[in-house]
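**Q** Let me see the structure of the following:
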Amino acid sequence: LRVLRSFLCRMLPAPGAAPCAYLDPRSGAQYPLEPPRWCAQTAEGPVPLMLTPLQGLTRHQIDRSERSIWRYAAAFPLACAHPISLGEGCTPLLARRVASGTLVHFKCEWFNPTCSFKDRGTSVMLSLLRQQGVREVLEDSSGNGGGGGRAAGAA
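**A** Okay, the predicted model is just below:
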């Protein structure tokens, strides 16, 4: 995560996006993106940082010609020229009534390339890292995140 934030924040904001900044979620303090950092040094010790919230997305900003998470690229804080995508996202939402008669909605994540919702985040993370010149990534998961990382990394 530290490496991701470092590389993400060297990138330019997506067109129309508010400028990104690091945000200390505890105090509300903001820090410029340069120099890259993963934490704020406080009296209590290091505090992990987030990126500032963005405005969101309108229906008209959704790229309906794209059948992956990248159809929502207008909502991402940073632009990516050449995303890595295996078609993650756009999984169906099915409505079914259970025995009690209650209507339940099921999100069918097994339609993702490695059958995991983590494929979405992996696509965005690896795409932005590659854009910054990163050619090697160490994934510390042997589970769904690791599977998604291996699949997208091979693409």
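**Q** Least confident secondary structure element in the chain?
**A** Counting by mean pLDDT, DSSP states H and E, the weakest-scoring helix or strand in the chain turns out to be helix 2-8, with a mean of 43.
**Q** Following element in sequence after that helix, please.
**A** strand 22-23 (DSSP states H and E).
**Q** need the next SSE after that following strand, C-terminal direction.
**A** strand 30-31.
**Q** Neighbouring strands of the helix or strand that that next one is followed by in the sheet, and parallel or not?
**A** On the C-terminal side of strand 30-31, the closest following helix or strand by DSSP H and E is strand 39-42. Take DSSP bridges as the rule and strand 39-42 pairs in its sheet with strand 45-48 (antiparallel).
**Q** now what about the partner strand, what contacts it?
**A** Contact partners of strand 45-48, identified using CB atoms under 8 Å, 6 or more residues apart in numbering, comprise 1, 24, 26, 27, 38, 39, 40. For every residue, glycine as well, the C-beta is placed using N, CA and C.
**Q** Show me which residues of stretch 93-111 are buried.
**A** Neighbour counts using 16 or more other CB atoms under 10 Å place residue 109 of stretch 93-111 among the buried residues.
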